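**Q** Just the structure for this:
(one chain, ligands or ions: 1)
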Amino acid sequence: MSSSKSRPDNVERRGITFDDGSSSKSRKIGGAFSSVTYEDVQKIAKHILAIVKCRPKIGVICGSGLGQLAELVEDSETIPYNEIPDFPVSTVPGHAGKLVFGTLKGKSVVLMQGRTHSYEGYSPQQTTLPVRTMKLMGVETLFVTNAAGGINRNFKVGDMMIIKDHMNLAGFSGMNPLVGPNDERFGPRFPPMSRAYDLDIRKLAHKVVKEMNYTDFVHEGVYSMMVGPNFETVTECKFLHTIGVDATGMSTVPEVLVAKHCGMRVFGMSLITNVVIMEFDSEATANHEEVLETGRQRSKYMQKLIATIIEKLDS
Ligand SMILES: O=P(O)(O)O[C@H]1O[C@H](CO)[C@@H](O)[C@H]1O
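**A** Got it, this is the predicted structure:
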């Protein structure tokens, strides 16, 4: 697998030989058809475990502007993504691109300060490579967070949403990290997704929300993913509203598919960084600066909530 820095434009299908003589089996790179093998992931996990002392059981993916959770990690050990061979490197503002290992509220954790997205040019297999790497490092429970646009008309900017289910709209166009040969060492060919978001952790989250007096601004709902990078049209938002989506973004779903495929427990949370525009003649437009600004103002609530849920988690 070549590093993301050398991703060529002429991506080839699995099994085809590249111009320089390497095959797509040995050189897995960006594009919808590239894949990542078990051995690739094993190599990356071993590389990381040789560097850090921590043996995390919990992984947290911090979305746009949400990476400050790392400040709560004690005895931290940090590795920038670009120092890990073949690890996808974040290119979007608000995604620092670092793995932070350490102890959070007494639990061994690894935090991803930022993720990668398909719209950056990575294949779904690449954007989810960190999740499989976590699995092979011993992570059993994955927390996924994201910045999202509020579709539900009761949601306000700065509110939060516990994810109870998702709509894989990107999957409708075939963009799914589980497409391709299935390696049973990760998980089964046909994984169920009807209970993707762990019910026990969701119940615990609601209990914590009550205890912290956060009920006024924490909701539960359905997240949807479109590939982006453009924000949605008015008609797309109306469609999402009609089909029962509460918040929308450009990430998370592939990570959850891969995490569930390899048997992890998953908990997801969105910060509503903006409310989507559903009026044809509105002057307002969505923008990434607003997303980051809401993150700056509200992420401390999300951090406190996630940290407390982790503290109270049974393992
Ligand atoms: O989902 P995260 O990574 O939090 O980021 C969200 O924020 C960006 C748009 O502002 C998009 O990348 C969207 O997916």
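
**Q** Quick check: mean pLDDT of stretch 37-51?
**A** What stretch 37-51 shows for mean pLDDT is 95.

**Q** contacts for that stretch?
**A** Here stretch 37-51 makes contact (Cβ atoms under 8 Å, 6 or more residues apart in numbering) with 1, 25, 28, 55, 77, 79, 84-87, 99, 129, 132-133, 135-137, 183, 185-186. Where you see a C-beta, it was placed from the backbone N, CA and C, and this is true even at glycine.

**Q** Alpha carbons of that stretch, in CSV - could you do that?
**A** Output of stretch 37-51 as CSV, limited to C-alpha atoms (Å, rounded to 0.1, in the frame of the first residue of the first chain):
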residue,chain,number,x,y,z
THR,A,37,-6.0,-6.3,3.6
TYR,A,38,-6.0,-7.8,7.1
GLU,A,39,-2.2,-8.1,6.8
ASP,A,40,-1.9,-4.3,5.9
VAL,A,41,-3.9,-3.5,9.1
GLN,A,42,-2.0,-5.9,11.2
LYS,A,43,1.3,-4.3,10.1
ILE,A,44,0.0,-0.8,11.0
ALA,A,45,-1.3,-2.0,14.4
LYS,A,46,2.0,-3.7,15.3
HIS,A,47,3.9,-0.6,14.3
ILE,A,48,1.8,1.6,16.6
LEU,A,49,1.8,-0.8,19.5
ALA,A,50,5.6,-0.9,19.3
ILE,A,51,5.7,2.9,19.9
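
**Q** ok, and for it, which residues are buried?
**A** Residues of stretch 37-51 classed as buried by neighbour count (16 or more other Cβ atoms under 10 Å): Thr37, Asp40, Val41, Lys43, Ile44, Ala45, His47, Ile48, Leu49.

**Q** Stretch 60-72 now?
**A** Residues of stretch 60-72 classed as buried by neighbour count (16+ other Cβ under 10 Å): Val60, Ile61, Cys62, Gly63, Ser64, Gly65, Leu66, Gly67, Gln68, Leu69, Ala70, Leu72.

**Q** Quick test: name the residue nearest the centre of the protein.
**A** Centroid-nearest residue in the chain: Thr252, 3.7 Å away (criterion: Cα atoms, centre = their mean).

**Q** Show the pLDDT at that one.
**A** 98.

**Q** so where do the strands sit in the stretch 1-150 of the chain?
**A** 58-62, 74-80, 98-104, 107-113, 141-150 (DSSP state E, counting those that start in this stretch).

**Q** Would you format these as CSV with distance to the ligand included?
**A** Listed next are the strands of the stretch 1-150 of the chain as CSV, based on distance: least, Cβ to the nearest ligand atom, whole Å:
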stretch, distance to the ligand
strand 58-62, 8
strand 74-80, 18
strand 98-104, 15
strand 107-113, 10
strand 141-150, 4
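
**Q** Now mean pLDDT too, for these, in a markdown table please.
**A** Shown next, in a markdown table, are these (pLDDT from 0 to 100):
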| stretch | mean pLDDT |
| --- | --- |
| strand 58-62 | 97 |
| strand 74-80 | 96 |
| strand 98-104 | 97 |
| strand 107-113 | 97 |
| strand 141-150 | 97 |
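
**Q** Give me the below-cutoff pLDDT ranges for the stretch 101-250 of the chain.
**A** Within the stretch 101-250 of the chain, not a single segment meets pLDDT under 70.

**Q** residue ranges for the helices of it, please.
**A** 124-127, 129-136, 199-211, 234-242 (DSSP state H, counting those that start in this stretch).

**Q** out of those helices, nearest to the ligand?
**A** Closest approach to the ligand among the helices of the stretch 101-250 of the chain is made by helix 124-127 (10.1 Å; Cβ to the nearest ligand atom).

**Q** Distance from the chain centre to that closest one, please.
**A** 11 Å (Cα atoms, centre = their mean, to the nearest Å).

**Q** now swap in stretch 180-200 and tell me
**A** In terms of Cα atoms, centre = their mean, the centre of stretch 180-200 is set 16 Å apart from its chain centre.

**Q** and if you look at stretch 232-252?
**A** Using Cα atoms, centre = their mean, the distance from the centre of stretch 232-252 to the centre of the chain it belongs to is 18 Å.

**Q** First-to-last residue distance for that stretch?
**A** The first and last residues of stretch 232-252 sit 17 Å apart, counting by Cα to Cα, to the nearest Å.

**Q** can you tell me if it touches the ligand.
**A** Yes - contact of stretch 232-252 with the ligand (Cβ under 6 Å from any ligand atom) involves Gly249, Met250, Ser251, Thr252.
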